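Novice: Okay, sequence plus prediction incoming.
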Amino acid sequence: MIFPQRAVKFLSFFTLMTCVFLFSCTNSEPVITFGFIRLVLYQGENGPLEHFSFFIIPEDEDGIDNLEELYLYHDKEQLCWHIKSDEWVRSTHNGREWIGTRSIAAIDGTLPRGLFRAVLTNKGGESSERTFSYDGEIRFPFPELEIAGGYYTVNSRWPVNRFVCYDSSGNYINTVTLTSFSGSLSQLDISPSTRTVALWSEDESNFCSAFTDVVPVN
C-alpha cells in the first residue's frame, strides 16, 4: 500500500503548482504569503482514504528557521492539525520556500470541506492567521491499474492520468502522461530501471487527485 511518504518527490512538483492563494503581508509577525490545499485520495483496503496536501509560503523577519509551528483548523467541525517545524516538509520552487505537509487526514478517512483557518507561529511567540476555503468534490470513481505480460490496462474516468515510476528501492524516477488506457509498456517513456509504477489521476478543476498502490512492471 502506498502512502504520502512514498510519493514525496513526485507530489512536491504537482501540488506546488496548483490552487494558490494570495494574502497581504506585515512586518511585525510571521506571514502566510501564499497557500494552497489539495485533496489527494490514496488506495485503502476498504476504499479510498482522503488526505490534504497543505502548503504555504511563509515570511519572517528572522528567516524560515525562526518559524516553529503551523496549525490548520476547521472550526465548524472542531478539528485541528498541528505541524511542528521538525515535522513539516520544506521545498524550494522558483526561488520561494514552501513549508507544509502532505499527511493531513481524519480518523474516519473523510475530511471536511468549507472554511479553514491557518495559523503560523515563530519562536518569539508571534503569530498570524489567514482563512481560506476548500470545496472540491470527488467526481469520479477511484481509478484502477493492471499490468501483466508487459501490457497495462487503466480503468479511469479522471481527465488526466499519469504513471509514476519507481526504482527497486522505491525511489521516484519520473512520470509519464498516458494518452491511451491500454497498451504496451515498451511504447511508453519508462526508464529501464523502473520496477514499479502507480497511477496518478487528476481532476484539476476540483483540486483533487487519486493515487493508486504501486504495481510491478514485470
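Specialist: Nice, thanks for sending it over.
Novice: Now the terminal residues of stretch 171-183, how far apart.
Specialist: Terminal residues of stretch 171-183 lie 25 Å apart, using Cα to Cα, to the nearest Å.
Novice: Also stretch 109-126?
Specialist: 33 Å.
Novice: and it, which residues are buried?
Specialist: 111, 116, 118-122 (16 or more other Cβ atoms under 10 Å). Bear in mind the C-beta positions are built from the backbone N, C-alpha and C, glycine included.
Novice: Could you single out the nearest of these to Val217?
Specialist: Leu111 (32.2 Å; Cβ to Cβ).
Novice: how close does that closest one get to Phe52?
Specialist: Distance of Leu111 to Phe52, given as Cβ to Cβ, to the nearest Å: 6 Å.
Novice: list the residues that contact both of these two?
Specialist: Here Leu111 and Phe52 share the contacting residues 39, 104-105, scored by Cβ atoms under 8 Å, 6 or more residues apart in numbering.
Novice: Quick one: which of these is the most crowded by neighbours?
Specialist: Greatest neighbour count in the shared contacts of Leu111 and Phe52, by other Cβ atoms under 10 Å, goes to Leu39: 22 neighbours.
Novice: Make sure that residue is indeed in a helix.
Specialist: No: going by DSSP: H, G, I helix; E, B strand; the rest coil, the assignment for Leu39 is strand, not a helix.
Novice: how close does the residue nearest to it when sequence neighbours are not counted sit to Val89?
Specialist: Nearest residue to Leu39 in three dimensions, chain neighbours excluded: Cys208, at 4.6 Å (Cβ to Cβ, 6 or more residues apart in numbering). Distance of Cys208 to Val89, computed by Cβ to Cβ: 20 Å.
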